[in-house]
Each structure stands twice: as C-alpha cells, then as structure tokens.
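Undergrad: coords below, sequence missing:
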C-alpha cells in the first residue's frame, strides 16, 4: 500500500523534513507494508492542494490552516492576530480539546486532520519600505494568505491586500506586482525571498498552524491497527517539524542578515501600535468565532 504526501514548500523545508520523518516512522512501524511517497514544491495554491486531497489525487496534504479556513470556516478562529501568547500556548490549544473540536468539523468535509503542524509566526517583508508602524503599510500592495482575516488585518493597517498563488509569489515580488508579503521565517528563507525583498519586520502578527490532513475515505479504509500507527507517526513527525522550525528560526534570521536583509525586531518598531490596531479585526469579523478566541485566551 502507498500513501502519497503533497506540499507546496521546497525540499529541505520544515514540511518536507517532517514528511520524511513520517515516512521513516510509518514504514518502520508497518514493516514496509505501507510505503510513503513525498512530492514537494507542488505548483498549487493551498486550497487547490486541499481539494486534491479531498478527491484522492494526494492522500495527505501539508498546508497552512489559512487555506482550509475557506472550506471549514471554524478553522479561521486560529488566525486572529496576536491571539497566541507563545508556541507553548498554541500547542496546548491545538493538541487539546479546542483543536479536537475543530478537527471534528474538518471530518465533515471528507478530510482527517492527523495532527496540527506548524507554519509559524507570520512577519512582513517589503522591497524597499521599512515597516516600523502600521502607517508605513498605507498604500502598499501586500500579498496575504487568501483568507478574509488576513486581508482584513492588512486593510486595517492601510495596505492593499493582493491575492497571489504561493508558487507564483517569488516572481510577483521580483517583478513588482506586489510590494511585499506576509510569511513565516520557515518560508521566507527557504524560498529565497531575500533575493527580491530587502526589508523584514518581525511583527509576528499571526501564529499560523499547519495541517497534516488526509483523505478521510483513505484513512477509514485502513484497519484499526494501521490507523493507530498512522496517528502515532503523524504526532512524532509533528513534534519533529515544530522543533525543526524552532531550532532553525535563528539560522533563518542569520541567513537573511547575511543576504543583506534589513531586519527590524519587536524592539525596533511600534509593536503596541500593531497590536492595538489589530483589535479592529475582532470587531469586524469576530462574532462567528468569539467563543473559541475567548477559550484560547483563557487557557
């Protein structure tokens, strides 16, 4: 039996490394009964990858939660700005009762979220304009994730949010179709965005989970013993992938600096202004999700 995993990131990225750990663990657990094939760098958008998993073109997809929020709206509850206090806080939410509740909603669209992985805290890059306060974003074309919460946040900050498929983002940055973008360090550096962006502001405005999501029909087809092994391998790979990002984020910053990116940290910017103005997103969009952010803040 074969399980095919697809993701959009390049070889060597956190998603790719985590997928390799899943492959190694599951093949060993099943004594080679299941073989895992990994396809990286897919020329798809996040939602296109999710649809491909739904139809069975790929058995498992690894993608940001922001993509799935267009199909399962409750997932958007995790994407509100400055919601999680730390990585540990996010893990307690995602791996606990709240994450399990959202997983039940994901089941209803023919998908099985095997584990919450990590995309990471999102930051802002621009070609030329240093982003020290929200006002600096005014009028800039910023590629955001194709998600209402992300677009609304950048509207609040005065930017013009632009939708660009992820595989086309580097070229859009290079040719000036957009002035900047939001992403985690684990995407900014492996995708070499430092070649076409000179400014990096560590806003950390959204903690962005990722999903290790499987076609539910394929998952249900397996015996209970195999299901348990798939789940165990998913969690081991999840822990590896999260740790990989935590260990490599300082290295990513060093690489960005070596490639002449101008890096602004939280202490270099008007960080309270970013947090304060982002609360408008809760006012505009928070009503359908208000119970979950409230539970998250209380945990």
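TA: Yes, it's here. Given the structure is predicted, the values throughout are model-derived calculations rather than measurements.

Undergrad: make it CA atoms for all contacts and neighbour counts henceforth
TA: OK.

Undergrad: tell me how many other residues crowd residue 272.
TA: When counting by other C-alpha atoms under 10 Å, one arrives at 11 neighbours for residue 272.

Undergrad: mind listing what's buried in the top helix by length along the chain?
TA: Here the longest helix in the chain is taken by residue count, with DSSP state H as the criterion, and it is helix 224-258. In terms of neighbour count (16 or more other C-alpha atoms under 10 Å), helix 224-258 has its buried residues at 226, 229-235, 237-238, 240-242, 244-245, 249, 252-253, 255-256.

Undergrad: how about stretch 150-167?
TA: Of the residues in stretch 150-167, those buried by neighbour count under the rule 16+ other C-alpha under 10 Å are 150-162, 164-167.

Undergrad: same check on stretch 73-80?
TA: With burial defined by 16+ other C-alpha under 10 Å, the residues of stretch 73-80 counted as buried are 74-80.

Undergrad: turn those into JSON lines, including secondary structure and distance to residue 187.
TA: Below are those laid out as JSON lines (DSSP: H, G, I helix; E, B strand; the rest coil; distance: C-alpha to C-alpha, whole Å):
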{"residue": "74", "secondary structure": "helix", "distance to residue 187": "25"}
{"residue": "75", "secondary structure": "helix", "distance to residue 187": "21"}
{"residue": "76", "secondary structure": "helix", "distance to residue 187": "20"}
{"residue": "77", "secondary structure": "helix", "distance to residue 187": "22"}
{"residue": "78", "secondary structure": "helix", "distance to residue 187": "19"}
{"residue": "79", "secondary structure": "helix", "distance to residue 187": "17"}
{"residue": "80", "secondary structure": "coil", "distance to residue 187": "20"}
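
Undergrad: which of those residues sits closest to residue 279?
TA: Closest approach between those and residue 279, by C-alpha to C-alpha: residue 80, at 9.1 Å.

Undergrad: okay but that closest one is in contact with residue 209, surely?
TA: No. Taking contact to mean C-alpha atoms under 8 Å, the distance of 11.6 Å between residue 80 and residue 209 leaves them out of contact.

Undergrad: just the strands in the stretch 1-150 of the chain please.
TA: Under the criterion DSSP state E, counting those that start in this stretch, strands of the stretch 1-150 of the chain are mapped to 2-7, 35-39, 60-64, 111-121, 123-126, 141-143.

Undergrad: most tightly packed of these?
TA: Highest mean neighbour count among those (mean count of other C-alpha atoms under 10 Å): strand 60-64, with a mean of 27.

Undergrad: how distant is stretch 104-114 from the center of its chain?
TA: 18 Å (C-alpha atoms, centre = their mean, to the nearest Å).

Undergrad: typed the wrong thing, it's stretch 59-71
TA: In terms of C-alpha atoms, centre = their mean, the gap separating the centre of stretch 59-71 from the centre of its chain is 9 Å.

Undergrad: cool, stretch 193-212 as well?
TA: Using C-alpha atoms, centre = their mean, the distance between the centre of stretch 193-212 and that of its chain works out at 10 Å.

Undergrad: and for stretch 249-258?
TA: Centre-to-centre, stretch 249-258 and its host chain are 19 Å apart (C-alpha atoms, centre = their mean).

Undergrad: now stretch 222-229
TA: Computed by C-alpha atoms, centre = their mean, the chain-centroid distance of stretch 222-229 equals 27 Å.

Undergrad: end to end on stretch 175-188, go ahead and measure it.
TA: Stretch 175-188 stretches 17 Å from its first residue to its last (C-alpha to C-alpha, to the nearest Å).

Undergrad: and if you look at stretch 48-66?
TA: Here stretch 48-66 reaches across 13 Å from its first residue to its last, counting by C-alpha to C-alpha.

Undergrad: buried stuff in that stretch?
TA: Across stretch 48-66, burial judged by 16+ other C-alpha under 10 Å covers 49-54, 56, 58-66.
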